[in-house]
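Below: sequence and its predicted model.
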Amino acid sequence: MSVEGKNLKFPAYVWEAPVRLWHWLMALAMVVLMVTGYFIGSPLPSVPGEAIDSYLMGYIRFAHFAAAYVFALSFLFRVYWAIVGNQHAREIFLVPVYMLSPTWWRGFFRVLGHYLFIRPKNDWHLGHNQLAMAAMFGMYVLGTVFMIVTGFALYGEGTGMGTWQYSLFSSWVIPLFGQSQDVHTWHHFGMWYLIWFTMVHLYFVIREDITSGLTVVSSMISGWRDVKN
Amino acid sequence: MTETFYDVLRRQGVTRRSFMKFCSLTAASLGLGPTLAPQIAHALETKPRTPVLWLHGLECTCCTESFIRSAHPLAKDVILSMISLDYDDTIMAAAGHQAEAALEEVMKKYKGNYILAVEGNPPLGNDGTFCIPGGKPFVEKLKHVAKDAKAVIAWGSCASWGCVQAAKPNPTNAVSIDKVITDKPIIKVPGCPPIAEVMSAVVTYVVAFDRIPELDRQGRPKMFYSQRIHDKCYRRPHFDAGQFVEKWDDEAAKAGYCLYKMGCKGPTTYNACSTTRWNEGVSFPIQSGHGCIGCSEDGFWDKGSFYDRLTSIPAFGVEANADTVGLVAAGVVGAAVVAHAAVTAIKGASEKRAPTKTEEK
């Protein structure tokens, strides 16, 4: 059984600085969003005393909205960088295009075969392998777009009619789902979708780092992918 | 020609001063500026009264019960003076054939100029025979009267969305009226029932300005349905502070804390309850210690418990909210990850003992 990719040149500069910056900023925002979002859905135990003395829910919501702006803007920036950045910056967005090519699918099934323990060694890739790309697109990209759209739709309900958040998002998202409560429920569900993604993502980057013979985790810090000795 | 509103008031001995006061009050209740009060006065002085035909389909009459309690403007004023409520089988004097004759007469005389107000909705199942007023299926009567109407008002959640009779499994196949009337502007005034003042103000607006009020994308008048209960709730400071009722009759409930954790649907319900309140501004559900049940929202009967913050997702067939589904799936993903890692480790260990041929560098 052959391992594809042995002829690739290492070390290779894969993740450019803006991509790395985006990755960690987004990860941080995501953690804040998940924690605060969870507590918006299931608030902490009631605060005693006068209402004027505390603003707990207000601060939690503020953190959620602030992190949401960071999350959404960094994603917008990431889309921009997919256009102007190197080829690896495009990978996670162009999966539907790649899917038209039989070569891509061949690679996809080779990787899948490895993860099903049929092929002992995984192929080498400079950026993502095909399965990783597909997961990035299907879970991260689509999940993020869903969360940004539903999130701003819910936020627009608070900012009110006439604001851009309402006009751009709430005005069509709320009727699309039927009513506001449904949007809340699916937005909450979207959080779990991204949690599942994060679990799988963390597992596979660590696994690849140990078994593939290439650097994976450190690549997102240094930007370089190299062969481990 | 039909008398104007002003004529009727004068005949009843109402002074012009009182009439102008009424116009100002109506302008205020509609959320309009003071400069629009003379415009209302002018309209009511010069325009003939608008005939309104009020039909009742599959409903509980709670809309009518609410409407006759309108305080600003008084329902009496609206019904007897401003509009000409020529047909409403629940509160009209005539009955039976006389009533139906009155309906046909108004439809002929004011063809294209009357307003159709619909309370309740038509069941389409079994050829519409689940609701037969006046010997005909309601859906036929509705289409018949809507044909020559200028505009249509959908009273309440029944006419607007379907409400309880359209809740799952909807045995009579009841539908909102916009599924049947597709060629007329429909003003949706949802609520179970809608607030009395909102109902009479909508009628006043249509009569005074001879046009339908500005509607949102779902067909509701923006002036009453552009904000959520939560946005103007007097308990909102407790929400922001993080002070919640944890269970009925606890200290927090007595102190009037936020009912968010008790499943209050205020944050997801568009209505004017927290602003106008009910029964001449006496109270509204949250003020009475119970969460909002979201009665003016589409399909509110089918959105899970009135007492859960995170409502269940019916798509999964079982009673499960986003957290239970999410947590179970996360457990599955976690278990899969651990199993996969274990197999990887075992494979790796066995390969170390016997390196395969492809292991070259």
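Ah, there it is. Numbers count the residues shown, from 1 in each chain, chains lettered A, B, ... in the order given.

Show me which residues of the stretch 251-361 of chain B sit near chain A.
Along the stretch 251-361 of chain B, the residues adjacent to chain A under the rule Cβ under 8 Å from any Cβ of the partner chain are B:252, B:257, B:260-261, B:265, B:267-270, B:294, B:297-300, B:303, B:309-311, B:313, B:321-323, B:325-327, B:329-330, B:333-334, B:337, B:340-341, B:343-344, B:347-348, B:351, B:356, B:358-359. (Each C-beta comes from the backbone N, C-alpha and C, glycine too.)

Tell me which helix or strand in chain B has the weakest average pLDDT.
helix B:75-77 (a mean of 66; mean pLDDT, DSSP states H and E).

Is it possible to mark the buried ones in the residues of the stretch 251-361 of chain B next to chain A?
B:252, B:257, B:260-261, B:265, B:267-270, B:294, B:297-300, B:303, B:309-311, B:313, B:321-323, B:325-326, B:329, B:333, B:337, B:340, B:344 (16 or more other Cβ atoms under 10 Å in any protein chain shown).

Which of these fall within helices?
In helices, defined here by DSSP state H, the members of these are B:252, B:322, B:323, B:325, B:326, B:329, B:333, B:337, B:340, B:344.

Out of these, flag the one nearest to chain A.
Nearest to chain A out of these is residue B:326 (Cβ to the nearest Cβ; 2.8 Å).

Now do the contacts for residue B:333.
By Cβ atoms under 8 Å, 6 or more residues apart in numbering or on different chains, the contact list for residue B:333 reads A:196, A:199, A:200.

Please apply the same query to residue A:55.
By Cβ under 8 Å, 6+ apart, residue A:55 lies in contact with B:240, B:241, B:242.

Neighbours of the second one, how many?
Spelled out, it's residue B:241. 22 (other Cβ atoms under 10 Å in any protein chain shown).

how near is it to residue A:59?
With distances taken as Cβ to Cβ, to the nearest Å, residue B:241 is found 10 Å from residue A:59.

Could you do the first one as well?
Distance from residue B:240 to residue A:59, counting by Cβ to Cβ: 9 Å.

more crowded one of the two?
When residue B:240 and residue A:59 are compared for neighbours, residue B:240 comes out ahead with 17 against 13, by other Cβ under 10 Å.

Return the residues in contact with that one.
Residue B:240 neighbours (Cβ under 8 Å, 6+ apart): A:51, A:55, A:57, A:58.

Okay, and it sits in which element?
helix B:236-241 (DSSP states H and E).

Also residue B:219?
Short version, using DSSP H and E: residue B:219 is in no helix or strand.

can you check the one 5 residues further on too?
Taking DSSP H and E as the criterion, the element that holds residue B:224 is helix B:222-225.

Tell me how far that helix lies from the chain's centre.
Distance of helix B:222-225 from the chain centroid (Cα atoms, centre = their mean, to the nearest Å) equals 11 Å.

and what of stretch B:140-149?
Relative to the centre of its chain, stretch B:140-149 is centred 22 Å away, using Cα atoms, centre = their mean.

Contacts for it next, please.
Counting by Cβ under 8 Å, 6+ apart, residues outside stretch B:140-149 touching it are B:53, B:55, B:57, B:103, B:107, B:111-112, B:114-116, B:118, B:122, B:128, B:133-134, B:152, B:177, B:180-181, B:184.

Now that stretch: buried residues?
Using 16+ other Cβ under 10 Å as the test for burial, stretch B:140-149 gives B:141, B:142, B:145, B:146, B:148, B:149.

Next: stretch B:89-102.
In stretch B:89-102, counting by 16+ other Cβ under 10 Å, buried: B:89, B:99, B:100, B:102.

Quick one: mark the members of the residues you listed that sit in helices.
Using DSSP H, these in helices are B:99, B:100, B:102.

Sort out which one of those residues lies nearest residue B:206 for me.
Relative to residue B:206, the closest of those is residue B:102; by Cβ to Cβ it sits at 21.2 Å.

Centroid-nearest residue for chain A?
Residue closest to the mean C-alpha point of chain A, counted by Cα atoms, centre = their mean, is residue A:140 at 3.6 Å.

contacting residues for it?
Per Cβ under 8 Å, 6+ apart, neighbours of residue A:140: A:92, A:194, A:197, A:201.

That one and residue A:185: what is the separation?
21 Å.

again with residue A:144
Per Cβ to Cβ, residue A:144 is found 19 Å from residue A:185.

List just the nearest of the ones in helices among the buried residues of stretch B:89-102 to residue B:278.
residue B:99 (30.4 Å).

OK, contacts around the closest one?
Residues near residue B:99 by Cβ under 8 Å, 6+ apart: B:87, B:89, B:92, B:134.

element containing the closest residue to residue B:16 other than its chain neighbours, please.
Leaving aside its chain neighbours, residue B:16 sits nearest to residue B:10 (7.9 Å; criterion: Cβ to Cβ, 6 or more residues apart in numbering or on different chains). Residue B:10 belongs to helix B:5-11 when assigned by DSSP H and E.

Provide the contact partners of the helix or strand following that helix at residue level.
Per DSSP H and E, helix B:5-11 leads on to helix B:16-29 as the next helix or strand towards the C-terminus. With contact meaning Cβ under 8 Å, 6+ apart, helix B:16-29 is reached by B:6, B:9-10, B:33-34, B:36-38, B:40-41, B:44, B:72-73, B:77, B:197, B:201, B:204, B:208.
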